[in-house]
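Enquirer: what follows is a predicted structure for the sequence shown.
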Amino acid sequence: MNVERFFGITTSTEKKKASPKSALAQKVLLVFLGALGVMSAVYSKDILASLSIAGLVFVNSVAFSLLRRSRNTSNTTYHVIASVVNSAVWYLLYRHLSLSGVTFALFVPYCFGSILGGLGGQQASVWIERKIGATADAHLAPNAEGVISWRAIAALVPWRAIAVLAVTIGVFVVLSGGRSFLLCLAGLSALQQVAFSLVSRSRNRSNMTYHIIASVFSNSIWFLTFRQLNIKHWTPELYVPYAAGGAVGSVTGVVASMGIEKKLHITSEN
């Protein structure tokens, strides 16, 4: 919050011009990014491996920026699409890292792709939000009678999309072996994304207690889900229940977070 106040950062997409301090910080970051690129090219022993990691991390950072910002808007269609795209890229990236032993040699290209993707994803998401009119605090606006409606928040749940995803999980689990393991994975993935939605939104809110609770919940579920994927060595059949369960958890987690924000009237501006 102090950093946001110092650099004049806001959740509003209407602020089009960066503050002088923010513009300077971006230039410093771009210089650091260039230095990482040079280090990757000069010191990498396997340039193809470095490029593949940097590329995957770049796409993952763009997708994560879209997902993170979509969780803080009231547009569920944007959120569902961002969630599915992010889960695919995340799975490919961490499967690659896990199976390669997460060697330290991949650290520099990982940082390079992450910074470049974060910058690109942020700008892409702001552009999308402006185009579709998505905002961070729309669910806190009162209706004509001056009341913040629970029904309006519940209406944000994409029930059809959730039903399709749930059926997809069911069919895939029935047709696959290891049903209990896949069901457990889908459940953990859903809980993981519920937790991620809560903690992602709580980071952009004005209640620190809410953020602490959400953060503990998020990190615990993340560890269990990652462990579940690693046990089976990230085999391809794990992706469908992971992705579908994650999408269900992500959108329902946002609605749960909106309900908490409505109850406590926690806004995104601090």
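Expert: Received the coordinates, thanks.

Enquirer: where does the prediction get shaky in the stretch 151-270 of the chain?
Expert: Along the stretch 151-270 of the chain, segments meeting pLDDT under 70 span 151-157, 204, 206, 266-270.

Enquirer: repeat the analysis, applying 80 as the threshold.
Expert: Confidence mapping of the stretch 151-270 of the chain against pLDDT under 80 gives the ranges 151-159, 161, 177-178, 197, 200-207, 254-270.

Enquirer: can you list the domains in this protein?
Expert: Domain assignment of the chain by automatic domain parsing yields the ranges 1-135, 137-270.

Enquirer: could I get the ones you listed as CSV with mean neighbour count?
Expert: Placement of C-beta: from N, CA and C, glycine included. Output for the domains of the chain, formatted as CSV (neighbours: other CB atoms under 10 Å):
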stretch, mean neighbour count
domain 1-135, 17
domain 137-270, 17
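
Enquirer: check contacts around the nearest residue to residue 222 once chain neighbours are set aside.
Expert: With CB to CB, 6 or more residues apart in numbering as the criterion, residue 222 has its nearest non-adjacent residue at 5.8 Å, and that residue is residue 192. Residue 192 is in contact with 218, 221, 222, 224, 225, 246, 249, counting by CB atoms under 8 Å, 6 or more residues apart in numbering.

Enquirer: the same query, at a cut-off of 7 Å, please.
Expert: Contacts here follow CB atoms under 7 Å, 6 or more residues apart in numbering; on that basis residue 192 touches 221, 222, 225, 246, 249.

Enquirer: quick one, phi/psi of it?
Expert: Per-residue torsions, residue 192: phi -60, psi -40 (degrees, to the nearest 10).

Enquirer: still on that earlier bit, now go through the contacts of residue 192 and say which are in helices.
Expert: Mapping the contacts of residue 192 onto helices (DSSP state H) picks out 221, 222, 225, 246, 249.

Enquirer: ok, those vs residue 58, which is closest?
Expert: Nearest to residue 58 among the ones in helices among the contacts of residue 192, counting by CB to CB, is residue 246 at 20.9 Å.

Enquirer: so the closest one makes contact with residue 193?
Expert: Yes: between residue 246 and residue 193 there is a contact under CB atoms under 7 Å: 4.4 Å.

Enquirer: if we can go back for a sec, put together JSON lines for the contacts of residue 192, with distance to residue 86 on each row.
Expert: Shown next, in JSON lines, are these (distance: CB to CB, whole Å):
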{"residue": "221", "distance to residue 86": "16"}
{"residue": "222", "distance to residue 86": "14"}
{"residue": "225", "distance to residue 86": "14"}
{"residue": "246", "distance to residue 86": "8"}
{"residue": "249", "distance to residue 86": "12"}
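
Enquirer: just give the closest residue to residue 64, not the sequence neighbours.
Expert: For residue 64, ignoring the flanking residues on the chain, the nearest one in space by CB to CB, 6+ apart is residue 86 at 5.7 Å.

Enquirer: ugh, wrong one, residue 78
Expert: The spatial neighbour of residue 78 that comes closest, neighbours along the chain excluded (CB to CB, 6+ apart), is residue 70 at 4.9 Å.
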